[in-house]
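**Student:** I'll drop the sequence and a predicted model, then ask my questions.
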Amino acid sequence: MSRQHIISVLLENESGALSCVAGLFSARAYNIESLTVAPTQDPTLSRLTLVTVGTEETIEQIKKQLNKLIDVVKLVDLSESFSLERELALLKVKKNDIIAKKIEDLSADSLALITDETDGFLVIELVGEKVWLDDFLASIKDEIIEVVRTGVIGLSRGERSLTL
Amino acid sequence: MVELSGGEIVIQSLKDEGVEYVFGYPGGCVLHIYDAIFKQQDVKHVLVRHEQGATHAADGYARSSGKPGVVLVTSGPGATNAVTGIATAYMDSIPMVVITGQVPRPVIGTDAFQEVDTVGITRPCVKHNFLVKEVADIAETMKKAFFLATSGRPGPVVVDIPKDITDPNVKVPYQYPAEVNMRSYKPTVSGNIGQTRKAIKLIQAAKRPVVYSGGGVVLGEASEELTQLCHTLNLPITQTLMGLGAFPGTDVQSIGMLGMHGTYEANMAMHDSDLIIAIGARFDDRVTGKIADFCPHAKIIHIDVDPASISKTITVDVPIVGQVKPILLDMLAQLESLDETFDRNRIGDWWNQIEEWRAVDCMAYDKESDIIKPQYVIEQLYKVTNGEAFVTSDVGQHQMFAAQYYPFDKPRRWINSGGLGTMGFGLPAAMGVKFANPDADVACVTGEGSIQMCLQELSTMLQYDTPVKVVNLNNGYLGMVRQWQEFTYKSRYSHSYMEALPDFKKLAEAYGHVGMQITKKEDVEPALREAFALKDRTVFMDFLTDKEENVYPMIESGKAHNDMVMAPNSKYKRVLA
């Protein structure tokens, strides 16, 4: 059965390293739902988070093939442990009552912030789990002028960590 | 510390790496490097006639010697022409370092003359590649390239070097690193002891075990250990196309090649086995046939250096990741320490069954025919060379005939493009083999289709005096294509017949070699004897063979191991009908 996995990868911060990862997914016909990458505290390393969907066998192959890339230093499948995931979205809407109500209705622990208001247009910042973002954006889909999402990032809870 | 220019560093690094030959072709972006080659004697350069030839020659050199092959080509078309040879080496895990010139750094990305994104183009078909950006990084990158190419699961590594960092006027201190340490690359060496213990237990309990070994045994120099394991345990062994020779093909325990054109006994044994011991093999689709019906009764032990090969297409029961040699040594040591001695007759019934299958004589062909049968030519080649030659091949029917009818008793003697199936491989590869083994007999078994794909290297072979015996099995057809068309397209031979073939005898002579055309069966052996007696000449033997001979047995695409098409005249029907 296919399931979503969040895989975090420590990658040598070299030119071409990201292409190796992207190329692997296209060459082997693996799914890639989202991919986000930035340097870590150690500037020689990047941390890449990718969301992919596949059967257990496919995910196992993806992990092995990723590990086989010379520039991949270490990886962890966050879906295998108790972990946190977050995604950030920036959303542009016209200021109106529907939006105001929607924001108001959000529960206290949802992160929605009106970041900017210019000429009657709002930029709203949303932070949450991918599923919550999907649902929220679907619920106001007719109001959305533009939306940009970062893709999922994640971190394991507790003592476990992806470090060298 | 000595100060060298980038171009000199490239060559000095090769020298420090112990490289003897570089196969290459000059051009604008590698001129500084070529000037550095000119000024020294240790690293010898072989000027090929096409960059594809350079890669295949380096590949043949590597396969026959175990040492990495080295290629040097220019930017743009030099690099793109090399891609087929790089991909060929990649698919068969051959250690190779390919140095490509790149346009100067300031013009990278401007669509400069002879610019291509070499790192981008080669990425999917290399183990790793580098674009070197500073002259001070060249030496360390070269060291990394050789380390990566030759360790773990070997493979080709491309080093792309912009012209301006090879500038003879810019000198930097040079020291070739004694070793490199890469935090992201730590290939596994020895296997997990617990897993080998489990494997031994399974082998002890198995009633119908089969060893299925592949190219990893050749690459891992584990031929001796494999042979010892099979002999100690009296195991039947089938070898893949890439593995032939790791276990002696003439040994009674060898049941031949398996897979699409494997022997009846090997494929039947795989199908009926209760334990497959896969060693340095990767369950390629030409080997497995229909995945769902692959070895339906068997547990599978899989020894491989590449974790990604484990359970990729076939789920295995006992994976052992590591180099074949230490793992087999470990298994042999464990067997040695067992309390009970191993009863060689324990699997007597299984051997009886295998002998019954072997008696089918699946590779029988019409020996009475007056026409030259391709199988007959290979058998005579075996006889004339006492089975001792290095044999390279191109791709197609002739490749299968060579694999089937020339049993190899030693590793590294059989050299062919197994994974990528590259026509044009055979001739330049044979040249590379000859560089590595100047005193050995080298034959290139080819066909009139394949040979024309890299024919130009006949010229290089004359220049560098690398005598090879070319065995051209000329049936006027792209034989394997024609066979598939006969079997699955009701003999609609769509573009598989070649008209206007050159006179190969004259062509060979035009290149300064000896040409022969053999049209009669009785001339086959004498021609071969004459050719091999001409020790210092390349001889092109054009054998006009049976036009529509097929390769049997054959497992058609998507069929299971026990579903083989047998030769029409084989004993198969008489025995089993």
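**Tutor:** Nice, thanks for sending it over. Nothing here was measured: the structure is a model prediction, and the numbers come from that model.

**Student:** For chain B, list the residues in contact with chain A, please.
**Tutor:** Taking Cβ under 8 Å from any Cβ of the partner chain, the part of chain B that reaches chain A is made up of B:119-120, B:123-124, B:127-129, B:131, B:148, B:182-185, B:306-308, B:310-312, B:315. All C-beta spots, glycine's among them, are computed from the backbone N, C-alpha and C.

**Student:** what separates the residue in the stretch 251-400 of chain B that chain A sits nearest to from B:Ala278, distance-wise?
**Tutor:** Sorted by distance to chain A under Cβ to the nearest Cβ, the residues of the stretch 251-400 of chain B start with B:Ala308, at 4.0 Å. Summarising the geometry, the distance separating B:Ala308 from B:Ala278, computed by Cβ to Cβ, to the nearest Å, is 15 Å.

**Student:** So between those two, which is more surrounded?
**Tutor:** Taking neighbours as other Cβ atoms under 10 Å in any protein chain shown, B:Ala308 and B:Ala278 compare with B:Ala278 leading, 28 against 19.

**Student:** Roughly how far does that one sit from B:Gly155?
**Tutor:** Plainly put, B:Ala278 is 20 Å away from B:Gly155 if you go by Cβ to Cβ.

**Student:** From the residues of chain B next to chain A, keep the buried residues only.
**Tutor:** Neighbour-count burial (16 or more other Cβ atoms under 10 Å in any protein chain shown) is assigned, among the residues of chain B next to chain A, to B:119, B:123, B:127-129, B:131, B:148, B:184-185, B:306-308, B:310-312.

**Student:** which two in those are spaced the farthest apart?
**Tutor:** Within those, two members stand farthest from each other by Cβ to Cβ: B:Leu131 and B:Ser311, at 34.2 Å.

**Student:** ok, and the closest non-adjacent residue to B:Pro438?
**Tutor:** Spatially, and ignoring its direct neighbours in sequence, B:Pro438 is nearest to B:Thr466 (7.9 Å; Cβ to Cβ, 6 or more residues apart in numbering or on different chains).

**Student:** Just the element for B:Met270, please.
**Tutor:** B:Met270 belongs to helix B:264-272 when elements are defined using DSSP states H and E.

**Student:** Near B:Ser151, how many residues? Count them for me, please.
**Tutor:** That count, for B:Ser151 with other Cβ under 10 Å as the rule, works out to 18.

**Student:** Next up, the contacts around it.
**Tutor:** B:Pro187 (Cβ atoms under 8 Å, 6 or more residues apart in numbering or on different chains).

**Student:** ditto for B:His297
**Tutor:** Residues in contact with B:His297 (Cβ under 8 Å, 6+ apart) are B:208, B:272-274.

**Student:** Go through those and give me the one with the most neighbours.
**Tutor:** Result: B:Ser273 is most packed of the contacts of B:His297 (other Cβ under 10 Å), 26 neighbours.

**Student:** Show the pLDDT at that one.
**Tutor:** Taken from the predicted model, the pLDDT recorded for B:Ser273 is 98.

**Student:** for the strand or helix carrying B:Gln375, packing partners?
**Tutor:** Counting by DSSP H and E, the element that carries B:Gln375 is helix B:374-384. Where contact means 3 or more Cβ pairs under 8 Å, 6 or more residues apart in numbering or on different chains; DSSP states H and E, helix B:374-384 is packed against helix B:397-405, strand B:442-447, strand B:469-474, helix B:524-533.

**Student:** tell me which residues in the next helix-or-strand element following the third one are buried?
**Tutor:** If I follow you right, that is strand B:469-474. Towards the C-terminus, the helix or strand next in line after strand B:469-474, according to DSSP H and E, is helix B:479-488. When burial is assessed from 16+ other Cβ under 10 Å, helix B:479-488 yields the following buried residues: B:479-486.

**Student:** what's helix B:479-488 packed up against?
**Tutor:** Judged by 3+ Cβ pairs under 8 Å, 6+ apart, the packing partners of helix B:479-488 are helix B:397-405.

**Student:** Could you check how far the helix it packs on is from the centre of its chain?
**Tutor:** Once both centres are worked out by Cα atoms, centre = their mean, to the nearest Å, helix B:397-405 turns out to sit 14 Å from its chain's centre.

**Student:** What lies in contact with it?
**Tutor:** Contacts of helix B:397-405 from elsewhere in the structure, counted by Cβ under 8 Å, 6+ apart, are B:241, B:244, B:256-257, B:261, B:263, B:363, B:374-375, B:377-379, B:382, B:391, B:393, B:414, B:416, B:445-447, B:450, B:473, B:475, B:479-480, B:483, B:549-551.

**Student:** closest one to A:Ala38 among the helices and strands packed on helix B:374-384?
**Tutor:** Counting by Cβ to Cβ, A:Ala38 lies closest to helix B:397-405 out of the helices and strands packed on helix B:374-384; the figure is 49.3 Å.

**Student:** related to what we said a few turns ago, in strands only, show me the buried ones among the residues of chain B next to chain A.
**Tutor:** Counting by DSSP state E, those place B:128-129, B:131 in strands.

**Student:** Does the lengthiest helix in chain A reach chain B?
**Tutor:** Using DSSP state H to assign secondary structure, the helix with the most residues in chain A is helix A:56-68. Yes - applying Cβ under 8 Å from any Cβ, one finds helix A:56-68 touching chain B at A:57, A:60-61, A:64-65, A:67-68.

**Student:** buried subset of the residues you listed?
**Tutor:** Listed as buried from the residues of helix A:56-68 next to chain B are A:60-61, A:64-65, A:68; burial here means 16+ other Cβ under 10 Å.

**Student:** Name the residues of the lowest-mean-pLDDT helix or strand in chain A that come out as buried.
**Tutor:** Least confident helix or strand, chain A: helix A:97-105 with a mean of 85, by mean pLDDT, DSSP states H and E. Buried residues in helix A:97-105, defined by neighbour count with 16+ other Cβ under 10 Å: A:99, A:102-103.

**Student:** Please identify which of these is nearest to chain B.
**Tutor:** With Cβ to the nearest Cβ as the yardstick, the closest approach to chain B among the buried residues of helix A:97-105 comes from A:Ile99, at 43.7 Å.

**Student:** Touching, the closest one and A:Val93? I think so.
**Tutor:** Yes - counting by Cβ atoms under 8 Å, a contact exists between A:Ile99 and A:Val93, whose distance comes to 5.1 Å.

**Student:** Are there residues contacting both of the two? Which ones?
**Tutor:** When Cβ under 8 Å, 6+ apart defines a contact, the residues bordering A:Ile99 and A:Val93 alike are A:122, A:124, A:140, A:143.

**Student:** Distance across stretch B:460-474, terminal residue to terminal residue?
**Tutor:** The distance separating the two terminal residues of stretch B:460-474, taken as Cα to Cα, to the nearest Å, comes to 23 Å.

**Student:** pLDDT averaged over it - what is it?
**Tutor:** For stretch B:460-474, mean pLDDT is 98.

**Student:** For the longest strand seen in chain A, the averaged confidence score.
**Tutor:** For chain A, the strand with the greatest residue count under DSSP E is strand A:83-94. Rounded to a whole number, the mean pLDDT of strand A:83-94 is 95.

**Student:** for it, packing partners?
**Tutor:** For strand A:83-94, the contact count by 3+ Cβ pairs under 8 Å, 6+ apart identifies strand A:121-128, helix A:130-139, strand A:144-149, strand A:153-156 as packing neighbours.

**Student:** and of these, who's closest to chain B?
**Tutor:** Comparing those by Cβ to the nearest Cβ, strand A:153-156 comes nearest, at 20.8 Å.
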